[in-house]
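1. Return a 3D structure for these sequence lines:
(chains A and B)
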Amino acid sequence: MRSTLKASALALTAALAASTAFAGSHSLSGDLKIFLDTSNPAPRATMEAMIGRFQEMHPDLNIETTVIDREAYKTQIRNFLTADAPDVATWYAANRMRPYVEAGLFEDVSDLWAEPEIADNLASTKGAMTIDGKQWGVPYTYYQWGIYYRKDLYDQYGLSEPTNFDEMKSNCQTLLDNGVKCYTIGTKFLWTAGGWFDYLNLRTHGYDFHMEMAAGDVAWTDDRVRETFANWRELIDMGAYVDNHQNYSWQEALPFMVNGDAAAYLMGNFAVAPLREAGLTDDQLDFYQFPAITEGVAMAEDAPTDTFHIPANANNKEAAREFLRFVVSADEQTVINNGQNLGQLPVNASASIDDDKFLEQGFAMLSSNSPGGVAQFFDRDYPAEMAAEAMQGFQEFMVFPDNLDDILNRLEKVRERVYK
Amino acid sequence: MTVTALPDTETPKRGWYKRNEIAVTPWLFLAPAILFFAVYVIIPIFQSFSISLYDWDGLGVARFIGMENYAELMDDSAFEVSLWNNLKWLIFYLLAIPAGLFIALFLNQTVTGIRIYKSLFFFPFVLSQVVVGLVFAWFYLPNEGLLSNMLRLVGLGPVNVLGDPTWATYGIIAAGLWPQTAYCMILYLTGLNAVDPEQVEAARLDGAKGWKMLWYVIIPQLKPATFIAFVVTIIGALRSFDLISIMTNGGPFGQTRVLSFYMFEKALSEYGFRMGYGAAIAVVLFLIMLVFIAYFLWSMYREERGGR
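-> Here you go, the predicted structure:
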């Protein structure tokens, strides 16, 4: 009770403080413990520089930053949220935050979202941060998914960016006839197959159906689900994917594209950096939106959002709220998402997009050509347990498409248990 | 323990500890070990049993569901696969024992530089399991891997050992055998040092040589080494986790999981937070281990009694 009172008092002060500008005219003091999962070199440097700028604004605040390996973080968060909570922690939007929201471990930050600065500029991601009508954190970056392809190979065989499924298949057939695989993929860690399912399902039946499935309202043995898999099977039977993809991680599948053994990759924008590093120029590499499959189904995209949260057990929630405001401000969003830093899309509508052809294309696609909606990603939209079983099923399906009935029956059994 | 109060006639100069020193001291020395063994081994065993009766995500409220987790296990094809894989590990991992014995016999001679050869053979055991896993994963790569290239030389097509659900587990076991064979070899090498040369001499006079010598004279004398090799190999097979995690991550589609890996996936991995279900798997694994533990304890007990 006492802590609730304290929390609401803090929320009130924070809301009042919000009216003062971002310049840090009021002083914050005490400790601010920040836990980050941005362990890769570039994101890590970006985050540390950003925290440095926040420190400059609040010299009396004692900021302590801990960077945890991205994979290890996913299991450690369960411990530190309950035992020794930091004041700010990174995580993911949508269903991935649900367990912590339901266990009461994340602070309700709806008050921040009521402030005009955030309400007006972050409207596009509000849905992903909302559970039970309240917001539980703020996003700091997101990125588009889509098909990255070798433009030089497409040009060589006279192909153009496909806009529907027939073109997609005919392009693929041409490539196969010339000894080039259409798509590279590495399914060892399963989630890459989830991306393919997302897009095939979104394009075959649309965003609303996809989300009904995520909510557990559609049986996996439903005929509509089978239609999605039938479309997928067409690609598999053509031999569109590289062989032995079950052996590779997503990084290990990159060389196929770099060497020209495969022409395209359905991936998130984070694949651009390693492809460029491997020597592909922007003339060779290009991007297109996943083509339409069923006519009349509104285009919808995957755009996973990474987020900041305040643990419910945090000590310095006032400073934490100020930090969240700082992170989503237009200036910071412009800086941390530019090409030298994260190389992703800013969540603040007033921020400017860096001069990068992939970011520009992605931003245009998400803001004007995704009327159906924006999904997070298979393993963030679907409950963890359903996602784990399903992605394993997708991998099996991609290797042994004949096992489909068996796979769907198994997934249906899991669905009945998970959503009861 | 039972020191009765001394009659008043004698002066009770000595304190309680002095009087009970012989009985108490061993327990004092044992106390830290007993304490830690209880806290880290015995109590967790019972905790696992009790957690396995709950539906609990590790964060919220645990809900008592009785034997439902176990009922679900019976109907879980992934659990069945893991159980069979554990059995495969148990059987094929034991190949390390004869392999280690034969390498030890081969190396048990006095040639210049034999120590170098011995250490070279022992080398894989020094490597981290993670490194072994990586090296074998590269060795097995479907196109670029050494194995596929070697097979190509003799006119066989490339094989994808780790991507094929029927072969992947055997591929991982083979990788595990490499360091385990080295371990068994070193056990047997020390064992061979203790073989009584007089008995060998006597057997030779009686005309024993070759296989007969090995089977009837050498191997019986190596019994202690064989026992230890058996124990460490069985334990190694049951806790095979790192190789699987590195080489296939349980895949393709979960066909190389063993119970320990499945337990980890269900309870502690990125997508799993079913503590109760994970605990139920742990209990099953514990029961399997219990069979071996009981056998080991029984044979050690018998050994000690026989020694007296």
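2. For chain B, which segments count as strands?
-> B:54-55, B:63-64 (DSSP state E).
3. so which strand or helix has the residue nearest to residue A:45 when sequence neighbours are not counted?
-> Nearest non-adjacent residue to residue A:45, counting by C-beta to C-beta, 6 or more residues apart in numbering or on different chains: residue A:341, 7.7 Å away. Quick note: C-beta positions are derived from backbone N, CA and C, even for glycine. Using DSSP states H and E, residue A:341 sits in no helix or strand.
4. Any residues of chain B in contact with chain A? List them.
-> Contact residues, chain B versus chain A (C-beta under 8 Å from any C-beta of the partner chain): B:57-60, B:72, B:77, B:141-143, B:160, B:162-163, B:248-249, B:251-254, B:265, B:268-274.
5. So which of these sit within helices?
-> Among those, the ones falling in helices (DSSP state H) are B:72, B:77, B:265.
6. Please pick the buried ones from the residues you listed.
-> With burial judged by 16 or more other C-beta atoms under 10 Å in any protein chain shown, the buried subset of these is B:72, B:265.
7. Can you tell me which of the ones in helices among the residues of chain B next to chain A is nearest residue A:87?
-> When these are ranked by distance to residue A:87 (C-beta to C-beta), residue B:265 comes first, at 31.8 Å.
8. Relative to residue B:259, how far out is the closest one?
-> Going from residue B:265 to residue B:259 by C-beta to C-beta, to the nearest Å gives 11 Å.
9. again with residue A:213
-> Per C-beta to C-beta, residue A:213 is found 31 Å from residue B:259.
10. Make TSV out of the ones in helices among the residues of chain B next to chain A and add pLDDT.
-> Output for those, formatted as TSV (pLDDT from 0 to 100):
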residue	pLDDT
B:72	90
B:77	87
B:265	90
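11. Quick check, central residue of the chain?
-> Unless you meant another one, I'm taking chain A. For chain A, the residue nearest the mean C-alpha position is residue A:304 (1.5 Å; C-alpha atoms, centre = their mean).
12. that answer is for a different chain, and I need it for chain B
-> residue B:235 (1.6 Å).
13. what's near enough to touch that one?
-> residue B:292 (C-beta atoms under 8 Å, 6 or more residues apart in numbering or on different chains).
14. can you list the residues of chain A near chain B?
-> Going by C-beta under 8 Å from any C-beta, the residues of chain A near chain B are A:71, A:74-75, A:78, A:81-82, A:99-100, A:102-103, A:105, A:188-190, A:243-244, A:246-247, A:379, A:384-385, A:387-388, A:392-393, A:395-396, A:399, A:410, A:417.
15. Find the nearest non-adjacent residue to residue B:182, please.
-> Residue B:182 sits nearest to residue B:125 (C-beta to C-beta, 6+ apart), 4.0 Å away.
16. Just confirm that neighbour contacts residue B:176, I think it does.
-> No: look at residue B:125 against residue B:176 with C-beta atoms under 8 Å: they stay out of range, at 11.5 Å.
17. In terms of neighbours, single out the busier of those two.
-> More crowded of residue B:125 and residue B:176, by other C-beta atoms under 10 Å in any protein chain shown: residue B:176, with 26 against 16.
18. OK, contacts around the closest residue to chain A within the stretch 1-150 of chain B?
-> Proximity of the stretch 1-150 of chain B to chain A (C-beta to the nearest C-beta) peaks at residue B:59, 3.9 Å away. Residue B:59 makes contact with A:78, A:81-82, A:99-100, A:103, A:105, B:273, according to C-beta under 8 Å, 6+ apart.
19. Not counting sequence-adjacent ones, nearest residue to the residue of the stretch 51-200 of chain A found nearest chain B?
-> Per C-beta to the nearest C-beta, residue A:103 is where the stretch 51-200 of chain A lies closest to chain B, at 3.9 Å. Closest residue in space to residue A:103, ignoring its immediate chain neighbours: residue B:59 at 3.9 Å, by C-beta to C-beta, 6+ apart.
20. before we move on, what about residue A:248?
-> Using C-beta to C-beta, 6+ apart, the nearest residue to residue A:248 is residue A:186, at 3.2 Å.
21. So what does residue A:152 have for phi and psi?
-> Dihedral angles of residue A:152 (phi, psi; degrees, to the nearest 10) stand at phi -60, psi -40.
22. burial count for the closest residue to it other than its chain neighbours?
-> Closest residue in space to residue A:152, ignoring its immediate chain neighbours: residue A:284 at 4.7 Å, by C-beta to C-beta, 6+ apart. Residues near residue A:284, counting by other C-beta under 10 Å, number 18.
23. my read: residue A:284 touches residue A:148, true?
-> No: using C-beta under 8 Å, residue A:284 is not in contact with residue A:148, being 10.7 Å away.
24. got any ranges where the chain has weak pLDDT?
-> Let's take chain A. Chain A contains residues with pLDDT under 70 at A:1-26.
25. nope, chain B please
-> Checking chain B against pLDDT under 70 turns up B:1-12, B:307-308.
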